[in-house]
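# Sequence isn't available, so here's the structure alone:
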């Protein structure tokens, strides 16, 4: 059962965020007003004065409706440490859905974890990821976050460390090593870096998803399909949602496209703020074993995507948002252009309302009170 739109929209009538996080194009400048951290804590939200503790657990037991991160996901993240990602249970104690956040260049996962907490979505756990993390595939191979001349670059560097201590991002959008200029959408370095990031995030999301067809995840951790299907700590794909800003938005939307090309059940939905896919085709490193576009759309429905663009955004203007829609699938993408908005996170009631309406039509609601009754499954 889906969550009613009136419930969500009314509840978050005043919830706005002025967060923004993008990397300045001049290498000599430090990041100014980029992170969402300073603003997410000041949201004029009705939830602001409330503490949102994690659901209470009995010592030695776990409530039936809470899900820990699956063991295979924890193994992938075993080198990341909790300082580079955060996971929180739904405040109502039912983790039926999962919302995954991807920050913009130079930011961290922390402000997005704060945003997810303040949204207080019903029956929705929150996983906020940082591009500073290292995803460990097994004992001797890693997807590393570093770039440049670091030795880990030979181990399929997935994410990128920005110069001058400006933080991390998901893939290369600029020539960070020499000229400082923006790479074209189809530049080989951008596509290779983006492809590597997609492979790493694909592995991570697949470790969270029930019956995901990714042999790597199961075989690396000694699991078989029967074991995976019986796990209580997995989500079916249509209960997994993505939320990204800027570079994180591009990564989220590309992930949805890659997910469909791999012939999987669609994810629940993706929300892309000031960003989206910029090429007609997937990055070269993420094109193995794909079917044709026509066959894909017939047999494997795409994940629904919401793009929020700004009328004054010069980095991802409305015309590029419409291009993203065309490259993906016009029938599966809704584009909302916010008047007066630049390249920044959501900051108005209207934007938040659009987001909540999108989620309200897709979030699942588990009827916990009816479980166990005769005739109910």
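Everything's here; your move. In this text the structure is predicted, and so the values were computed from the model without any measurement.

# any idea which helix or strand carries residue 66?
Residue 66 is located outside every helix and strand, with elements delineated by DSSP states H and E.

# Would you list the phi and psi of it?
Main-chain torsions, residue 66, degrees, to the nearest 10: phi -100, psi 140.

# And for residue 202?
Residue 202 adopts backbone torsions of phi -60, psi -50, taken as degrees, to the nearest 10.

# What's the per-residue pLDDT of it here?
Model confidence at residue 202, given as pLDDT, is 93.

# That one - nearest residue in space that isn't next to it in sequence?
Excluding the flanking residues, the one nearest residue 202 by CB to CB, 6 or more residues apart in numbering is residue 258, at 6.2 Å. For glycine as for every other residue, the C-beta is placed from the backbone atoms N, C-alpha and C.

# Bridge partners for residue 128, pull those for me.
On the basis of DSSP bridges, residue 128 is bridged to residue 86, residue 101.

# Quickly note the distance from it to residue 98.
From residue 128 across to residue 98, the span is 11 Å (CB to CB, to the nearest Å).

# Please apply the same query to residue 327.
Taking CB to CB, one finds residue 327 at 26 Å from residue 98.

# Those two: who's more crowded?
residue 98 (24 against 18; other CB atoms under 10 Å).

# for the more buried one, what are its contacts?
124, 125, 126, 127, 208, 235, 239, 240, 241 (CB atoms under 8 Å, 6 or more residues apart in numbering).

# where does it fall, phi/psi-wise?
Residue 98 adopts backbone torsions of phi -140, psi 130, taken as degrees, to the nearest 10.

# quick one: which helix or strand includes residue 121?
Assigned by DSSP H and E, residue 121 falls outside every helix and strand.

# burial count for it?
Residues near residue 121, counting by other CB under 10 Å: 23.

# Also residue 320?
The number of residues near residue 320, taken as other CB under 10 Å, comes to 18.

# which SSE is it in?
Assigned by DSSP H and E, residue 320 falls within helix 318-328.

# Give me the buried positions along that helix.
By neighbour count with 16 or more other CB atoms under 10 Å, helix 318-328 contains the buried residues 318, 320, 321, 322, 323, 324, 325, 327, 328.

# so where do the helices sit in this structure?
Applying DSSP state H to the chain gives helices spanning 5-11, 37-40, 71-76, 110-119, 188-208, 215-220, 225-230, 247-261, 293-299, 318-328, 349-360.

# list the helices and strands the third one packs on?
By that I understand helix 71-76. Here helix 71-76 touches strand 135-138, helix 188-208, helix 215-220, going by 3 or more CB pairs under 8 Å, 6 or more residues apart in numbering; DSSP states H and E.

# how much space between the nearest residue to residue 278 once chain neighbours are set aside and residue 317?
Nearest residue to residue 278 in three dimensions, chain neighbours excluded: residue 185, at 4.0 Å (CB to CB, 6+ apart). From residue 185 over to residue 317 the distance is 13 Å, taken as CB to CB.
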